[in-house]
Structures are given as structure tokens and as C-alpha cells.
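what's the 3D shape of this:
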Amino acid sequence: MSNTKGSNGGAAVRALAPGFMRGTSSTSAGSIALEPSPPDHATRQAELAEIVRRQLELLGEDPDRDGLLKTPERVAKALAWLTRGYDTDVRDVIGDAVFEETHESMVMVRDIELYSMCEHHLLPFFGKVHIAYIPDGRIVGLSKLPRIVEVFARRLQVQERLTEQVAQAIEEVLRPRGVGVVVEAVHLCMMMRGVEKQNSKTITSALRGQFRDCPMTRDEFLRLAHRGA
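Got it, this is the predicted structure:
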């Protein structure tokens, strides 16, 4: 097998995984100027820790008591880890692991562990992702599919958008004959607050190409995805 490093794949995913990027803006004189650079990591962490400290105070806690002395810094570090997908690009995680291959049958990786943060309440949701695609002359290293999930899961998310982003990234990188993505997750915002339903599960899907247009392909994928569920 030979590596395929065409520029099309990289260009196609450029818009899918922005980190903290500098843009351009027009001044009143019509010239183009760089926008201010975002604060560096250490500055952001320090500011976030101060916000967490203030949150503790607003909750009625004493941030200076022994158990909470280092909580602001711990929370800041944890949030940076949980949202590290903002600083990750799909191009980087895939690298040169796209190969020319004549395989034309379904390729599936199921039960990919998922951990993300709901953007509505900043509470976790977690579960599994099932991904399949039908190659059209190109395949990707199997370990790259979970890594693509991580790029989008490690951001503030809603499950519906996450599902579509994973499918779109695979479609644009490989240009396959079809892509199918199913996400099954439980949301702590439903379990710990609000309706407090402990046994509910949210299932979302994104079907492209043959997975959307061919009933037999769609049924095979969904049957495999939900086997043992």
C-alpha cells in the first residue's frame, strides 16, 4: 500500500477543526490588519482559575479553606484538558495515514469510547460511537477514526453537531462512497438535574452516500452498530 498525501484531503478538513486562529479584519481605511493574538496558555489558565475562585465564593464556599485552596487551579487544568480539541486539527491527527486501496466493502469501527462536555450546562455526556465507511480507492488507518472522534468530542458540544462533524470529516478526508456514524450517549444534565432520568439514552446518526441512499447498506450498518446494545 502506498501513502496518499494529496493536498485536497488537507484542504478539505481545514475548516473542520479550527483551533485558536488569527484572522484578518478591515480597518476604516480599507487596509487589512491582524486581529490581536489570543492570550497564551498560562495567562488563560490563570484567568480561568480566578473565575473558578469567584464561582466558589458565589456558591457560598470559602476558597481559602484547606480542601479548596488548589481547586481553582485544578479546575482550570481539567477544563483545558477536557476542551483540548480546540487546539487540535483533523489534518494533524490523520497525518499520512491515508492509503490507496481497492477494498470496496464496508469498514467499521464500533464501540469507540466518547467523553464530551454539553455546552448548555457544562456537564459531561459520554457513551460510544460507531463509524463505518465504504472506500472508493482510499482507506485510513483504523486508529485514526477514534482520534477524529476525540478532535470534536474534546470541545463544548451538543451530540447532534458532534455526530455530523465526525461524518463530515471522514467524508472530506477519504471521499468514500458512503459514511455512517451512530452516537449513543447519556447526559448528566438529564441525570443529575432537570428531569433527573437515570436510564435515558440519546442516539444520533449521520448517514452519507450509500448509507443514506441504499436501504440494504443502511440496514446492515445499523444492525452492526446496535448489535449487543
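
does the most centrally placed residue in the chain sit in a helix or strand, and which one?
Here the mean C-alpha position of the chain is nearest to the C-alpha of Phe152 (C-alpha atoms, centre = their mean), at a distance of 1.1 Å. Using DSSP states H and E, Phe152 falls within helix 144-153.

average model confidence for that helix?
When pLDDT is averaged over helix 144-153, the result is 97.

Check which helices and strands the helix or strand just after it is in contact with.
Per DSSP H and E, the first helix or strand lying C-terminal to helix 144-153 is strand 156-157. In terms of contacts (3 or more C-beta pairs under 8 Å, 6 or more residues apart in numbering; DSSP states H and E), strand 156-157 is packed against strand 107-118. In short, each C-beta sits where N, CA and C put it, glycine included.

Which elements pack onto the strand it packs on?
strand 124-134, helix 144-153, strand 156-157, strand 178-187, helix 215-226.

Go ahead and name everything in contact with the second one.
Counting contacts by C-beta atoms under 8 Å, 6 or more residues apart in numbering, the residues outside helix 144-153 that touch it are 17, 85, 88-90, 93-94, 97, 109, 112-116, 129, 131, 162, 165-166, 169-170.

What are the neighbouring residues in contact with Tyr133?
Counting by C-beta under 8 Å, 6+ apart, Tyr133 makes contact with 106-107, 170, 174, 176-180.

Report the contact partners of Gly141.
So Gly141 contacts 97-99 (C-beta under 8 Å, 6+ apart).

Kindly recompute the last result at 10 Å.
Gly141 makes contact with 94-99, 147, according to C-beta atoms under 10 Å, 6 or more residues apart in numbering.

what's the farthest-apart pair in those residues?
Phe99 and Arg147 (15.8 Å; C-beta to C-beta).

Check the spacing between Gly141 and Gly60 real quick.
Distance, Gly141 to Gly60, by C-beta to C-beta, to the nearest Å: 51 Å.

Then Gly95?
On the measure of C-beta to C-beta, Gly95 and Gly60 end up 49 Å apart.

Mark out where each domain of the protein begins and ends.
40-82, 93-226 (automatic domain parsing).

looking at these, which is buried most?
domain 93-226 (a mean of 18; mean count of other C-beta atoms under 10 Å).

related to what we said a few turns ago, looking at the contacts of Tyr133, which is nearest Ser200?
Gly180 (23.4 Å).

Nearest spatial neighbour of that closest one, chain-adjacent residues omitted?
Phe211 (3.9 Å; C-beta to C-beta, 6 or more residues apart in numbering).
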